[in-house]
Each structure stands twice: as C-alpha cells, then as structure tokens.
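Participant: here's my sequence, what's the structure:
(2 chains)
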Amino acid sequence: YPSPMTPMTPITPATPASESSGIVPQLQNIVSTVNLGCKLDLKTIALRARNAEYNPKRFAAVIMRIREPRTTALIFSSGKMVCTGAKSEEQSRLAARKYARVVQKLGFPAKFLDFKIQNMVGSCDVKFPIRLEGLVLTHQQFSSYEPELFPGLIYRMIKPRIVLLIFVSGKVVLTGAKVRAEI
Amino acid sequence: MPGGGHCPDCGSTELVEDSHYSQSQLVCSDCGCVVTEGVLTTTFSDEGNLREVTYSRSTGENDQVSRSQQRGLRRVRDLCRVLQLPSTFEDTAVAYYQQAYRHSGIRAARLQKKEVLVGCCVLITCRQHNWPLTMGTVCALLYADLDVFSGTYMQIVKLLGLDVPSLCLADLVKTYCSSFRLFQASPSVPPKYVEDKEKMLSRTLQLVELADETWLVTGRRPLPVITAATFLAWQSLQPSHRLTCSLARFCKLANVDLPYPASSRLQELLSVLLRMAERLAWLQVLKLDKRSVVKHIGDLLQHRHTLVRKAFRDGTAEMEAGEKELRERCQGPEQGKEEVASSSLDLPEGKRPASPTPLLPPCMLKPPKRICPPPPVSTVTGDENISDSEIEQYLRTPQEIKDFEKAQAARQAARSVSNPP
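Facilitator: A predicted model of the protein is given here:
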C-alpha cells in the first residue's frame, strides 16, 4: 500500500532547458489575433481615428497604434485584427481590448472573440562564442547555416516547435512559440 | 505490353495506352502509329457526364513536359556548361529541377523565380559534390538579386528535404586564388608582381585557416576573407616591392572584383597578426605596425599554432568579468565612456602586453553600443479596466474630422488639376 510520500513510479519533473542553465529568454514581441465579430468600414475608421493609417493601394487594412502598451494593430474590413509589438501575453491582450474599444467608440458593434496568441519572440545571450560551422555538422538535420546569405544559424527545433536564430556572438533569437513554456 | 497487340505498321508489340486530354489512344511506342482510338464523337447523354477540365488538372500535364519546364531544363544544362561542370552534375541538377517542378507552388511561380530555381539546382548539385561554387557567382551569371535567390534557395531545400553540405573553404580558396591573373607577366602586371601559384595558394590557405581559428570567418561571407588573405599572402612573399600596392589596386591588377567587406577583413587579419607578433621573441623589439608586420607573415605562419595559443586566451570568462564591471560602472552616472570601452582590453599603450587578449569574434570585442537596462517587471494582467478618456484620446473631434475631409478634398482637387484625365 504506497504511502503518499513514496509514489509508485518516480516522477521526473519536466525541467525546461532554461531553468537548468539559468538563462531565461526575454520576450521581445507577441503577435496575437482577435475577431471583432462585425464588418468594418475602414474608410470611416481612418477618417475618425487619430492614430490610424489607411492606404488601400498599399495594404488592405487600417494600421492603428496606441501608446500604452506600445503596440500596432492591423484591422481588416472582415472584422479580424492582428495585434503586434507587446512584450507579454497579458499586455497583448490588454492592447487588443483597447483597440476593440476604439473601434466600438467609432460606432461599430465590436466584440472580443477568439483572442489567440499566434507567435512569441524572445531573445537571450549565452555569453560565449559559438562555432556555427561545427553546430551545423553535429545538428545537421535541424540546422541551416549559409553565411553567404545570413550570419546566423537557423535551428528548427521539433519539440517544442520553435525556430532559433543562433549567432556567433552567443546571442539567440527564439520564435514560433504559441505559449511561454515553449520558449 | 498487353498481350496480343501488334503494330500494323512495324509489327512491334510495344503498344502504349496514351490517355490524353480528351481521347484515349493505343499508340506504338516504336514508330508512333496510332493503333486504336477511343470514340471521337459522343452522344448527348455522354456529354452530360463530361466536365470541362483545365489543363493543369488534366492528365496531359503529367505526361508532357510543359514549355516552361523545358525552358528551365535547357537553362540548367546551359548553366552547367558555362561553369564547365562534369556531365554527371548536369544530370543531377536536371533531376532536382524536375523534382521541384512536381510541386504546384513552383509550377505556378513567376518566371523570375523559375530562373533563380535553375541556379539553386545547380548550386545544390555543386555543394553535394564539394565543388566550390558561390551564390554570388550564380547570381552574377543569372543577373539575379541575392535576396530573390536566397528566398528560393531556402524554400527549395526545405521543399525537397535536401541535405546541402556547407561550402568547403579550402576548395574555394584554391579555385578563387587560381582566378587571380598574377601568375604571368603581362602589360598590366609588372614582373615584380608576378607570383608563383603554388606558393601563393599555400600561404593563402594558411592565412584563411588562421582567420577561421581566430573567429574572423564564422558568420561572415567567405569570399571577402579569402580576398584579404590572398592579398596578404601575395604582399608577404615579396614585401619590399609590394607593400606600396593597395588592396584595391591589387584586385584590379589581378582582374578580380573587390568585395566591399574585404578591407575590413584585412584590418582584422592584420590585428591578429600583430597580436601574434607581440609574442614572437625576435619581433617584440621591433614595434611593428600594420604595414611592417606584413614582412614577417612567413615567420608568424610558421609558428602560428603556438603564437595563437600564447597571444589569445579563452575569451568567455574574461567577457563575463568585463560585463559585470561595465554594469557596475554604468550605475554610477559620473563614469566616462572611455573607461567603459577599455574594460575588457587592458593593454597599456605602447608597452609589451601584460596579458593576452581574449579570443573572441570581433562583434563580441566591440564595446556594446548602449547598455540595455533590464526591463521593468510588468504587472499587467490583461483584464484591467480601460478608461473612456484613454480611448477618447485616439478619436478625432468633429472639427478635426471636418478639417481632415477638407484637406483630403483639396488634395484630390490638386491631383486632378495636375493630372487631367
């Protein structure tokens, strides 16, 4: 009869690599999407909002910016919106809500449906130089290093599914994560 | 093929079922005679079952090689011939092009992309055979932009799931150096500038290896490093006559393009050589500079392994210590910039170096442009209340809207005046 102190099977806690090395990537950018749930007239929005840019010949969406959290949004006539530039998931959500409120105040019945974080970008520094030519040999199936095109090595991790840009200086950019734990 | 069929013309049994666009046919593959045909006319009820099919969805596309693909395959062969590649390379490159063409994304791509694809297939073939072909050369031959090439190359490697080995530096040195027109006297090359090919190749290779070891190659384009190394090798073989020749003039004489970063690589390589010279007993007293060190490159290369070990030490620990110092110093506002910059390179001016410099890539040796303060911890939950006043700051007042509309109308009027219909 197993006592609560001694589990039957040993539990191996999933220690993410960052915890074991002491290096925590800093979030730099979050991209999220939300559905405002109604069709929008972009010309009206561009006319009546101070912080909006609309160039239909260049791009079929209104580009709107707010100061706090400092972010940019792309608002489409279908009612869908992309929010970029936030430094955390919570900030992205707050920013998206503010954009939705602006659209509401402009006279549209905007809702806040299906908010989803689409991409998270982080960066960190391992503080030692990296021989990229060596790394591409030992991890050939995940790495792509073409110094003629780009100074960094592109490492496509399978699990979690994220892409790392590794530079000779030891600086690393991580992208493609949908949740914080992946980074 | 199927039993019993004979061609009425040549008697061959090699009859092929050719299910073409609208009509099936039995054709002799030897002489091309059409043995039987499917029904040419259809009844009204039959036609009701037929549907219009676009060419791209028909079987015709699978059987025939489209004109666009044929053109592409011809371009692949042409490129292989221009580059004087072995014939086996041609077949491999053609196979890659055909493989790429099976993907609808490639079939529907613009002609510019298809043209670049030709270069990609040839480049991948060369890389897999360790033939040193650079992307720069391919782009120059195809009059293509490196950016466009880059996108297509990365896409095709991923699409075909290919393993492309890295460019072999040693082979590239041999090929590239051999292209320098310095091995025979000519009207543009004075006799004192002529050099023995083998000597130059061997010395250039050693210099490139030295550059690689001292972090000057990783993350950088390979060719400029090789250009700088070739120049130094050439100069050092007869310094008395060649020190006056600049890198630009050297490339012009040798009939080779000077890549823009080569001068920067040259300076970095000379710095490395100077550091090494400081560790060589009979050179320490000479107080060498970037010009005079060239005369001693032969000696330095001969003892390069020992000298690199002595001249440089493991940079990692030093870097961390330096950064800590930096952060502590920057907390005091009275610190000057000069102190910050010299923290990791503690070399007293004009004296014998007290300690070796860290062996790090140049990007890690430069002082950071600005110290990034750690970001303030965010306490945002995402569910905060949003005040009306905050949102209203982003809305135009009715007056502003009127002004904006007026300005827009005026701009429209001005445009229609300057561009009469």
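Participant: every contact and neighbour count from this point should use C-alpha atoms.
Facilitator: Noted.
Participant: near chain A, which residues of the stretch 251-400 of chain B?
Facilitator: B:315-316, B:319-320, B:360-361, B:363-364, B:380-384, B:386, B:391-392, B:394-397 (C-alpha under 8 Å from any C-alpha of the partner chain).
Participant: which of the helices and strands in chain B ranks last by mean pLDDT?
Facilitator: Least confident helix or strand, chain B: helix B:337-341 with a mean of 42, by mean pLDDT, DSSP states H and E.
Participant: what number of residues lie near the residue nearest to residue A:126 when sequence neighbours are not counted?
Facilitator: In this structure, residue A:126 finds its nearest non-sequential neighbour in residue A:170, 5.2 Å apart by C-alpha to C-alpha, 6 or more residues apart in numbering or on different chains. Number of residues near residue A:170 (other C-alpha atoms under 10 Å in any protein chain shown) recorded here: 17.
Participant: how about the strand ranked longest in chain A against chain B, any contact?
Facilitator: Longest strand of chain A, by residue count under DSSP state E: strand A:113-125. No - figure legend: strand A:113-125 not in contact with chain B (C-alpha under 8 Å from any C-alpha); closest approach 11.4 Å.
Participant: so for the helix or strand following that strand, mean pLDDT?
Facilitator: The helix or strand immediately downstream of strand A:113-125 is helix A:132-138, counting by DSSP states H and E. The average pLDDT for helix A:132-138 rounds to 94.
Participant: buried residues of helix A:132-138, list them for me.
Facilitator: A:132-133, A:135-136 (16 or more other C-alpha atoms under 10 Å in any protein chain shown).
Participant: do the same with stretch A:148-163
Facilitator: Per 16+ other C-alpha under 10 Å, stretch A:148-163 contains these buried residues: A:148-149, A:151-156, A:162-163.
Participant: and chain B, which of those residues contact it?
Facilitator: Within the buried residues of stretch A:148-163, those near chain B by C-alpha under 8 Å from any C-alpha are A:148-149, A:151-152.
Participant: on that earlier part again, what's near enough to touch the residue nearest to residue A:126?
Facilitator: A:125-130 (C-alpha atoms under 8 Å, 6 or more residues apart in numbering or on different chains).
Participant: can you flag the buried ones in those residues?
Facilitator: For the contacts of residue A:170, buried by 16+ other C-alpha under 10 Å: A:125, A:127-130.
Participant: for those, which one is nearest chain B?
Facilitator: The closest of the buried ones among the contacts of residue A:170 to chain B turns out to be residue A:128 (C-alpha to the nearest C-alpha; 5.4 Å).
Participant: can you pull the buried residues of the helix or strand harbouring residue B:417?
Facilitator: Using DSSP H and E, residue B:417 sits in helix B:398-418. For helix B:398-418, the neighbour count (16+ other C-alpha under 10 Å) marks residue B:401 as buried.
Participant: now do stretch B:130-140
Facilitator: For stretch B:130-140, burial by neighbour count (16+ other C-alpha under 10 Å) applies to B:130-136, B:138-139.
Participant: and stretch B:108-124, by the same measure?
Facilitator: Residues of stretch B:108-124 classed as buried under the neighbour-count rule (16+ other C-alpha under 10 Å) are B:113-124.
Participant: which stretches of chain B form strands?
Facilitator: B:15-19, B:24-28, B:34-37, B:312-314, B:357-359.
Participant: who are the packing partners of the first one?
Facilitator: Contact analysis of strand B:15-19 by 3 or more C-alpha pairs under 8 Å, 6 or more residues apart in numbering or on different chains; DSSP states H and E lists strand B:24-28 as its packing neighbours.
Participant: spell out which parts of the stretch 51-200 of chain B neighbour chain A.
Facilitator: B:134-135, B:146, B:150, B:163, B:166.
Participant: in the stretch 1-150 of chain B, what residue is nearest chain A?
Facilitator: residue B:150 (6.5 Å).
Participant: ok, now which ones touch that residue?
Facilitator: residue A:149.
Participant: do the one 10 residues further on as well
Facilitator: Residue B:160 makes contacts with B:99-100, as judged by C-alpha under 8 Å, 6+ apart.
Participant: what do you get for residue A:99?
Facilitator: Taking C-alpha under 8 Å, 6+ apart, one finds A:66, A:73 in contact with residue A:99.
Participant: what's the angle between whichever strand or helix holds it and strand A:113-125?
Facilitator: Element membership of residue A:99 [criterion: DSSP H and E] is helix A:89-105. Going by axes from the mean of the first three to the mean of the last three C-alpha atoms, to 10 degrees, helix A:89-105 is angled at 140 degrees with respect to strand A:113-125.
Participant: report the central residue of the chain.
Facilitator: Going with chain A. residue A:120 (2.2 Å; C-alpha atoms, centre = their mean).
Participant: other chain: chain B
Facilitator: Nearest to chain B centroid, counting by C-alpha atoms, centre = their mean: residue B:135, 5.6 Å.
Participant: neighbours around the closest residue to residue A:85 other than its chain neighbours, how many?
Facilitator: Excluding the flanking residues, the one nearest residue A:85 by C-alpha to C-alpha, 6+ apart is residue A:71, at 4.6 Å. Per other C-alpha under 10 Å, the neighbour tally for residue A:71 reads 22.
Participant: what is residue A:71 paired to in the beta sheet?
Facilitator: Using DSSP bridges, the bridge partners assigned to residue A:71 are residue A:66.
Participant: distance of it relative to residue A:36?
Facilitator: 17 Å (C-alpha to C-alpha, to the nearest Å).
Participant: what about the stretch 51-200 of chain B, any weak spots by pLDDT?
Facilitator: B:51, B:55-63 (pLDDT under 70).
Participant: who's in contact with the residue lying closest to residue B:123 once chain neighbours are set aside?
Facilitator: Among residues not flanking residue B:123 along the chain, residue B:133 sits closest, at 6.6 Å (C-alpha to C-alpha, 6+ apart). Counting by C-alpha under 8 Å, 6+ apart, residue B:133 touches B:123, B:126-127, B:167, B:172.
Participant: what does residue A:145 give?
Facilitator: A:132-133, A:136, A:151-154, B:166.
Participant: need the residues of chain A near chain B, please.
Facilitator: Residues of chain A found near chain B (C-alpha under 8 Å from any C-alpha) are A:47-51, A:66, A:89-94, A:98, A:101-102, A:106, A:127-129, A:131-133, A:140-141, A:145-152, A:167-169.
Participant: if we use 6 Å, what do you get?
Facilitator: Selection of chain A residues close to chain B by C-alpha under 6 Å from any C-alpha of the partner chain yields A:48-51, A:90-91, A:93-94, A:102, A:128, A:147-148, A:151, A:169.
Participant: which of these are buried, as a ChimeraX select command?
Facilitator: Buried residues among the residues of chain A next to chain B (16+ other C-alpha under 10 Å), as a ChimeraX selection:
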select /A:48,49,50,51,90,91,93,94,102,128,147,148,151,169
